[in-house]
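Participant: Mind looking at a prediction? Sequence and model below.
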Amino acid sequence: MTATLVDAARGPAGLEERQLAAAVRHAGQLLRPDRVVEHDAAVRRAHRSLVKGRGPVGMWRYTPVLDDEGAAIVDAAVDALAKPARDADTGTGERDPRTPAARRVDALLDLVTRAVGAPEGVPRQAKTALVVTIPLQVLEGRCRGAGTTRTGEVLTAGTVRRLACDAQVVPVVLGTAGEVLDQGRGRRLFDRAQVRHLWLRDRGGCTFPGCTRPAGWTDAHHLVHWADGGPTSIDNAALLCRAHHSTVHTHRYSARITHDNDGDDGENGENGDGSGTRTGRPRVEWDLNPGS
């Protein structure tokens, strides 16, 4: 590994500085046990913060502290809206007079405004396009590794599995030199119709016991992960807020879909008419034993 990194740093086909830094971080992940990597990621996640304080000339200063995952999400969302824009009001085609810092804060305010202005009960637009590359064997847990974002952040395999619950997956086959040999079509794991159905089914929002986060703050979680063969269907899904989504993946909690009439005197816990049809309201029942 060291020889490969040294060659990448000074060889004829060496990496750029940012690419080399990402390669070093990726190598560092592989040199440590998985449990240590995931523990450190959880510690960094727990220390994320946003501090408000007085700024210059009567303004306010917000200081966020983010882990690799948080930074990647914010970068992907803000950068998409922070590109220089032409003056649409005058039609003169003048260059955007804002500084890069001003464009980024305007993009952040635009995102917040859109989020709080979305009508309740209607799924919002597709989530931020966060591009993460990870080998399929790593995602399936068949070998060790990590994911990397387009900007070089290194995400643990557990983090990528959580993000992949509610994502668009594009299969890409790479050659030994990293060249793209084949790229498949993007497939959205949970489409808008399924998410809308889950919003109606899990009316309380996050299904984790005791959580009151509304549906608009949740992700669609695979009860059996799709990388492990779980289907992308509403019978294999539950809404979880970001915090409890992380908790479920970290502790590997399981859940099942039950119905309010489960356990009645009917045959097989169903309606009792032999039809095999369940008419009770479905709900998610969690088993909070680690590794369940």
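Facilitator: Done, it's in.
Participant: List the contacts of stretch 136-151.
Facilitator: Residues from elsewhere that reach stretch 136-151, judged by CB atoms under 8 Å, 6 or more residues apart in numbering: 18, 22, 26, 29-30, 34, 37, 68, 72, 75-76, 130-135, 154-157, 159-161, 164, 171, 227-228. Just so you know, the C-beta spots here come from the backbone N, C-alpha and C atoms, and that holds for glycine as well.
Participant: Are any of the residues you listed buried, and if so which?
Facilitator: Neighbour-count burial (16 or more other CB atoms under 10 Å) is assigned, among the contacts of stretch 136-151, to 22, 26, 29, 34, 37, 68, 72, 75-76, 130, 132, 134, 154-157, 159-161, 164, 227.
Participant: Just these: which are in strands?
Facilitator: Val132, Val154, Leu155, Thr156 (DSSP state E).
Participant: Pull up the gap between the third one and Glu38, please.
Facilitator: Just to be clear, that refers to Leu155. Distance from Leu155 to Glu38, counting by CB to CB, to the nearest Å: 11 Å.
Participant: List the buried residues of stretch 237-245.
Facilitator: By neighbour count with 16+ other CB under 10 Å, stretch 237-245 contains the buried residues Ala237, Ala238, Leu239, Leu240, Cys241, Arg242, His244, His245.
Participant: Show me which pair in those residues is furthest apart.
Facilitator: Ala237 and Arg242 (16.1 Å; CB to CB).
Participant: could you pull out the strands for the stretch 101-250 of the chain?
Facilitator: 132-133, 146-149, 154-156, 168-169, 172-174, 180-183, 187-188, 218-222, 237-241 (DSSP state E, counting those that start in this stretch).
Participant: Distance to Ser292 and mean pLDDT added to the ones you listed, as CSV?
Facilitator: Listed next are the strands of the stretch 101-250 of the chain as CSV, based on distance: least, CB to CB, whole Å; pLDDT from 0 to 100:
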stretch, distance to Ser292, mean pLDDT
strand 132-133, 27, 85
strand 146-149, 26, 86
strand 154-156, 21, 87
strand 168-169, 26, 76
strand 172-174, 34, 75
strand 180-183, 37, 71
strand 187-188, 28, 70
strand 218-222, 15, 87
strand 237-241, 14, 90
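Participant: of all those strands, which lies closest to Arg61?
Facilitator: Nearest of these (CB to CB): strand 146-149, 26.8 Å.
Participant: ok, the closest one: who's next to it in the sheet?
Facilitator: Strand 146-149 sits in its sheet next to strand 132-133 (antiparallel), strand 154-156 (antiparallel), going by DSSP bridges.
Participant: Of those strands, which is nearest Pro290?
Facilitator: strand 154-156 (17.9 Å).
Participant: closest to Ala193 among the ones in strands among the buried ones among the contacts of stretch 136-151?
Facilitator: For these, the nearest to Ala193 is Val132 (25.0 Å; CB to CB).
Participant: so who does that closest one touch?
Facilitator: So Val132 contacts Ala72, Gly147, Thr148, Thr149, Leu155, Val160, Leu163 (CB under 8 Å, 6+ apart).
Participant: Switch those residues over to a markdown table; also include distance to Ala13.
Facilitator: Formatted as a markdown table, the contacts of Val132 follow (distance: CB to CB, whole Å):
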| residue | distance to Ala13 |
| --- | --- |
| Ala72 | 27 |
| Gly147 | 24 |
| Thr148 | 19 |
| Thr149 | 23 |
| Leu155 | 26 |
| Val160 | 28 |
| Leu163 | 31 |
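Participant: Other residues contacting the longest helix anywhere in the chain?
Facilitator: If you go by DSSP state H, the chain has its longest helix at helix 100-117. Contact with helix 100-117 is made by Val74, Ala77, Val78, Asp79, Ala80, Leu81, Ala82, Lys83, Pro84, Asp96, Arg98, Arg124, as judged by CB under 8 Å, 6+ apart.
Participant: I'd guess the fourth one is in a helix, am I close?
Facilitator: Yes: per DSSP: H, G, I helix; E, B strand; the rest coil, Asp79 lies within a helix segment.
Participant: those helices in the stretch 1-150 of the chain, which residues are they?
Facilitator: Using DSSP state H, counting those that start in this stretch, the helices of the stretch 1-150 of the chain run over 2-10, 17-30, 34-46, 68-81, 100-117, 136-139.
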